[in-house]
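K.L.:
Model the following, please.
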Amino acid sequence: MSKHCPNSILKPQTALLYLFAVLGLCRPGMAQQVSFALLPPHTTAIEPAPMTPVQTTTLPEAPGDHRFWDRGNSFLFATSAAFSAADFVVTRDNLRAGGQELNPVVTVFGRSSAGLALNFAGETAGVVAVSYFLHKTGHHKMERAVSMVNIGASASAVSFGMAHR
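P.N.:
Predicted structure coming up:
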């Protein structure tokens, strides 16, 4: 039983046929040329444009422009810090109870409570630093997205840690 191939346009012979047909139809359009005899003669000299002084104006703020420590970022950073603190507490309690850390980066720091606290404090500082960099480069939506992703990751880690006690 033979199957009909619905995408026969992809066969090499058919593709070449379509290519030559398109190129053949484009040829009359490429043959159109302007006759230089029909152009007016250059009798007038080109005069320079008059010089005008440049006026300095201040541009209005773009809709995405805002201060870095505005209400939205402050709320996101506080929420990120709170979830990182909760993640620290849950991770420390699970490790003390004989649990195992699944994040390979945190495993390096997880041998002591001070190292674990340093990891989560560094994570929070890193979120603020990356957000500040994105703010300075004009990526205001991504600046807030960094905090939101960190909040989501910390919230899922806290939920996973609480469920697997």
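
K.L.:
Now do the closest residue to residue 119 other than its chain neighbours: how many residues are near it, please.
P.N.:
Spatial nearest neighbour of residue 119, excluding adjacent residues (CB to CB, 6 or more residues apart in numbering): residue 109 at 3.9 Å. To be clear about C-beta, it is placed using only N, CA and C from the backbone, and glycine gets the same treatment. Neighbour count of residue 109, defined by other CB atoms under 10 Å: 18.

K.L.:
Next: residue 116.
P.N.:
Close neighbours of residue 116, defined as other CB under 10 Å, add up to 20.

K.L.:
returning to what we had before: does the residue nearest to residue 119 touch residue 123 like I think?
P.N.:
No - using CB atoms under 8 Å as the test, residue 109 is too far from residue 123 to be in contact (10.2 Å).

K.L.:
can you give me the helices in this structure?
P.N.:
12-30, 71-96, 104-109, 113-136, 140-163 (DSSP state H).

K.L.:
The shortest one: how far from the chain's middle?
P.N.:
Relative to its parent chain, helix 104-109 has a centroid offset of 27 Å by CA atoms, centre = their mean, to the nearest Å.

K.L.:
Name the residues of stretch 67-82 that come out as buried.
P.N.:
By neighbour count on 16 or more other CB atoms under 10 Å, the buried set for stretch 67-82 is 73, 76, 77, 79, 80, 81.

K.L.:
and it, average pLDDT?
P.N.:
Per-region confidence: stretch 67-82 scores 95 on mean pLDDT.

K.L.:
what sits up against it?
P.N.:
Outside stretch 67-82, the residues that touch it by CB atoms under 8 Å, 6 or more residues apart in numbering are 66, 124, 127-128, 131-132, 135, 143-144, 147-148, 150-151, 154.

K.L.:
Can I get it in CSV, CA atoms only?
P.N.:
The C-alpha trace of stretch 67-82 is given here as CSV (Å, rounded to 0.1, in the frame of the first residue of the first chain):
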residue,chain,number,x,y,z
ARG,A,67,14.3,54.5,40.9
PHE,A,68,16.0,51.2,41.9
TRP,A,69,14.8,51.2,45.5
ASP,A,70,11.2,51.9,44.6
ARG,A,71,8.2,50.2,46.3
GLY,A,72,8.1,47.3,43.9
ASN,A,73,11.8,46.4,44.1
SER,A,74,11.8,46.8,47.9
PHE,A,75,8.9,44.5,48.3
LEU,A,76,10.5,41.9,45.9
PHE,A,77,13.9,42.1,47.7
ALA,A,78,12.2,41.7,51.1
THR,A,79,10.2,38.8,49.9
SER,A,80,13.3,37.2,48.4
ALA,A,81,15.2,37.7,51.6
ALA,A,82,12.3,36.2,53.6
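
K.L.:
Sweet, I'm off.
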